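Asker: task: produce atomic coordinates for the following.
(one chain, ligands or ions: 1)
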Amino acid sequence: MTSPYSAYMEWAKTRSKARFNLASSGLLTYPLAELEPGPDALEIEDSYYGFPPLQERLARKAGVDPARIVHATGTSMANMLVLAASAEAGDEVLIEEPTYTLLVDAARWLRFDVRRFPRRSEAGFRVDPRDVERALTARTRLVVLTNLHNPSSAFVPPEDLRRIGDAARSVGARVLVDEVYLEAFAVLGKPRGSASRLGDEFVTTSSLTKAYGLSSLRCGWIVAEPDLARRIWRLNDLFGVVPAHPAERLSVLALDRLDKVAARARRILETNTEGVTAFLAARPELACEPVTTGMTAFPRLLEGDVESLCAVLRDRFETTVVPGRFFGAPGHFRLAWGQAPEEVAEGLSRLGQALDAFA
Ligand SMILES: Cc1ncc(COP(=O)(O)O)c(C=O)c1O
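Answerer: Reported below is the predicted structural model:
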């Protein structure tokens, strides 16, 4: 048996760093001092099945009862727990394509029968609920999608989610919606409701990682109906038993200051979104939906080989983007703009030079 691993995550950890990083999808790290940690912030104690102050804040943020919240080690572990709690080996799980590849890697490792439904490049990667309806069978236990979409940032509106939820419920399946990038809407002052409010067939995951620049706190969460939430807590005992308590305490501080954290994120994202919009409009060799929100886009290179472009960009221009092959779409690359505005502006300029050199 080959050992399970993620080629994308290995690349992200060892090859994505560069002087000008347009590959990492998170926001520039939030400074610890701005959380104003007092002496009790690093208190050490164990919390079982949720640290109550953190449960209460996450529940308030999600607008649900704390019994529906499971705190998890980032969206990564939140997704793993939901996958593992929702299906058994051999069950069908229906995952969007393209998607964040870790979802597929984890589902395959769990020995699910992984089927895909398309998010088409020519349709701006929007979900067509009819594709989900067509692909569902009596053996499907879970439908998986990201909203906003990673890599393209396409938004799935509530009416489409409702239709997908109805179809899933009719065969006894649930719908996992990874909403880690939906937080970008909140940061930009245009919050969108979570799918968790649409019915108990929905399970959502998110974290403070991407839109707030707080990846290292590993503050992720799941919103699920209470019976499933209880099962997930018990499943989590097999993985981690108890979380790192200082991270729980710092997460409480962050959630108490989320407006301030979001205001900084908004300044960064607004400036960078403007730059990316102007850049994409000026590059006829790229096809891309207009960037309206989110932190990533997934342009298609109309002519030429994306891997060669990425190599030129990295080797000659010290800049990285993510090759589309990691999303199963080798004609595209993912561009992200969560880093400092000066770095993003220079990265875009270098990407332009690389495209010129490539032509
Ligand atoms: C869609 C999606 N979900 C989850 C994650 C991981 O999130 P976290 O850092 O909260 O574990 C990522 C990271 O790139 C992602 O793109």
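Asker: got a list of what the nearest residue to residue 49 once chain neighbours are set aside touches?
Answerer: Excluding the flanking residues, the one nearest residue 49 by Cβ to Cβ, 6 or more residues apart in numbering is residue 233, at 4.9 Å. Where C-beta positions appear, they are placed from N, C-alpha and C, glycine not excepted. By Cβ atoms under 8 Å, 6 or more residues apart in numbering, the residues touching residue 233 are 49-50, 70.
Asker: hang on, residue 233 in a helix?
Answerer: Yes: using DSSP: H, G, I helix; E, B strand; the rest coil, the secondary structure at residue 233 is a helix.
Asker: need the pLDDT of it.
Answerer: Note on residue 233: pLDDT of 97.
Asker: how much space between it and the ligand?
Answerer: Here the criterion is Cβ to the nearest ligand atom, to the nearest Å. By it, residue 233 lies 18 Å from the ligand.
Asker: residue 86 now?
Answerer: 16 Å.
Asker: over to residue 292?
Answerer: On the measure of Cβ to the nearest ligand atom, residue 292 and the ligand end up 18 Å apart.
Asker: quick check, residue 111 in contact with residue 89.
Answerer: Yes: with contacts counted by Cβ atoms under 8 Å, residue 111 reaches residue 89, the gap being 3.8 Å.
Asker: and the one residue in the stretch 1-150 of the chain that gets nearest to the ligand, what does it touch?
Answerer: Here the stretch 1-150 of the chain gets closest to the ligand at one residue, residue 74, 2.7 Å apart by Cβ to the nearest ligand atom. Residues near residue 74 by Cβ under 8 Å, 6+ apart: 207, 209, 215, 218-220.
Asker: now do residue 353
Answerer: Here residue 353 is in contact with residue 317 (Cβ under 8 Å, 6+ apart).
Asker: same question, residue 56
Answerer: residue 66.
Asker: in a strand, it, correct?
Answerer: No: counting by three-state DSSP, residue 56 is not found in a strand; it is helix.
Asker: tell me where the stretch 201-350 of the chain has strands.
Answerer: Using DSSP state E, counting those that start in this stretch, the strands of the stretch 201-350 of the chain run over residues 202-207, 219-223, 286-287, 296-297, 300-301, 319-320, 322-323, 333-336.
Asker: any idea of the mean pLDDT for the longest one?
Answerer: Right, strand 202-207. Mean pLDDT, computed over strand 202-207, is 98.
Asker: separation between the spatially most central residue of the chain and residue 245?
Answerer: Central residue of the chain (Cα atoms, centre = their mean): residue 180, 4.2 Å from the mean position. In this view, residue 180 and residue 245 are 23 Å apart by Cβ to Cβ, to the nearest Å.
Asker: repeat that for residue 12.
Answerer: Counting by Cβ to Cβ, the gap from residue 12 to residue 245 is 28 Å.
Asker: what's the local residue count around residue 140?
Answerer: The local packing of residue 140 (other Cβ atoms under 10 Å) involves 22 other residues.
Asker: let's number from 28 now, not from 1
Answerer: Right, with 28 as the first residue, what we last looked at is residue 167.
Asker: ramachandran coordinates for it?
Answerer: Dihedral pair for residue 167: phi -70, psi 130, per degrees, to the nearest 10.
Asker: same question, residue 203
Answerer: Per degrees, to the nearest 10, the backbone of residue 203 is at phi -90, psi 120.
Asker: beta-bridge partners for it, please?
Answerer: Under the criterion DSSP bridges, residue 203 forms beta bridges with residue 171, residue 230.
Asker: which residues does it contact?
Answerer: Applying Cβ under 8 Å, 6+ apart to residue 203 gives the contacts 106, 109-110, 113, 169-172, 230-232.
Asker: before we move on, the earlier item: nearest spatial neighbour of the residue nearest to the centre of the chain, skipping sequence neighbours?
Answerer: Leaving aside its sequence neighbours, residue 207 sits nearest to residue 102 (Cβ to Cβ, 6+ apart; 4.5 Å).
Asker: off-centre distance for the strand or helix carrying the one you found?
Answerer: Secondary structure assigned from DSSP states H and E places residue 102 in helix 101-113. Taking Cα atoms, centre = their mean, to the nearest Å, the mean C-alpha location of helix 101-113 is offset from the chain mean by 13 Å.
Asker: cool, and stretch 248-262?
Answerer: That offset, for stretch 248-262, works out to 20 Å (Cα atoms, centre = their mean).
Asker: I appreciate the help and will end here.
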